[in-house]
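In: Mind looking at a prediction? Sequence and model below.
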Amino acid sequence: MYKYCFELENDTRTWIIACQSEQDLIQWYSTIQTQIEQVAKRIAIFRQNQKIVEREVEKSNLDMGAVQNLIKPNAVMFDPLQKSNLIGFLTNKDIFLNKLITMISVYLDQTKNCINLI
């Protein structure tokens with residue numbers, strides 16, 4: 001009956017689209033193709049975001065492990081009777097860890113000052 005037709009299929013259904021002209025057929029095809037490309041891009045972005053979140057969790061766990069190593073009793077810096085685990089951090093060229101050590105020192109100084117005020 002119709003000269004310009006095409007089928008769309010998914011897992012559960014098939015649609016038959018009948019157009020009145022070749023121009024309509026081209027417009028339908030172009031619109032559907034654009035939607036498919038946009039969905040594919042959204043899926044790719046979603047997957048990339050998932051990978052980023054997974055990597056951030058991994059980094060966070062590593063950072064948390066470093067912090068926990070710093071605050072464990074066997075990592076006390078000034079106790080001459082215990083082996084210090086902090087020396088590995090001081091020689092590390094990781095910028096985050098070097099800043100972390102500085103921030104922890106400032107925090108400890110401020111905590112000491114607060115305790116002295118009490």
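Out: That came through fine.

In: pLDDT-wise, which helix or strand of the chain ranks last?
Out: helix 87-90 (a mean of 51; mean pLDDT, DSSP states H and E).

In: Could you list the domains of this structure?
Out: Under the assignment automatic domain parsing, the domains of the chain span 1-64, 72-118.

In: that's a strand at D11, yeah?
Out: No: per DSSP: H, G, I helix; E, B strand; the rest coil, D11 lies outside any strand segment and is coil.

In: Flag the shaky bits of the chain, pLDDT-wise.
Out: Along the chain, the model assigns pLDDT under 70 to residues 1, 70-102, 117-118.

In: for it, which helix is longest?
Out: helix 22-71 (DSSP state H).

In: for that helix, packing partners?
Out: Applying 3 or more Cβ pairs under 8 Å, 6 or more residues apart in numbering; DSSP states H and E, one finds that helix 22-71 contacts strand 4-9, strand 14-19, helix 95-117. C-beta here means a position set from N, CA and C on the backbone, and glycine is covered the same way.
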